[in-house]
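**Student:** model this:
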Amino acid sequence: MNPIRPNKLFHSKWTAVSPVNKEKHFLVIKLCQPPEPDAPMTLVELQAVHSGRIQQIAWRELQDKSHWHQGWL
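**Tutor:** Numbers count the residues shown, from 1 in each chain. Prediction:
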């Protein structure tokens, strides 16, 4: 697992290991804050560079090397 910190994810770059619809490179565009102020952040918004499509995922999914690589490869 990649040792990443959620507060350092904003504007980070990611490469999908198995691209779908030619969407390989992604940028974290938003850190989704939970409704409760004391709750930890769990979601981030990723934007595909190729299509501009936005998706929300749990930031911990980015730690899975079988799905994501940090940076653009």
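
**Student:** count the neighbours of residue 22 for me.
**Tutor:** For residue 22, the count of nearby residues is 9 (other C-beta atoms under 10 Å). Glycine gets a C-beta too; all of them are placed from N, C-alpha and C.

**Student:** contacting residues for it?
**Tutor:** Contacts of residue 22 were listed using C-beta atoms under 8 Å, 6 or more residues apart in numbering, and they are 50-51.

**Student:** got it, and residue 72?
**Tutor:** Residue 72 sits next to 13-15, 25 when contact means C-beta under 8 Å, 6+ apart.

**Student:** now swap in residue 19 and tell me
**Tutor:** Listed by C-beta under 8 Å, 6+ apart, residue 19 has no contact partners.

**Student:** mind checking the SS state of it?
**Tutor:** Following DSSP: H, G, I helix; E, B strand; the rest coil, residue 19 is assigned to strand.

**Student:** and the closest residue to residue 62 other than its chain neighbours, how many neighbours does it have?
**Tutor:** Take residue 62 and drop its neighbours on the chain: the residue closest to it by C-beta to C-beta, 6 or more residues apart in numbering is residue 68, 5.0 Å away. Residues lying near residue 68 (other C-beta under 10 Å) number 19.

**Student:** tell me the spacing between residue 24 and residue 34.
**Tutor:** Counting by C-beta to C-beta, to the nearest Å, the gap from residue 24 to residue 34 is 29 Å.

**Student:** distance check, residue 19 against residue 73.
**Tutor:** From residue 19 to residue 73 the distance is 11 Å (C-beta to C-beta).
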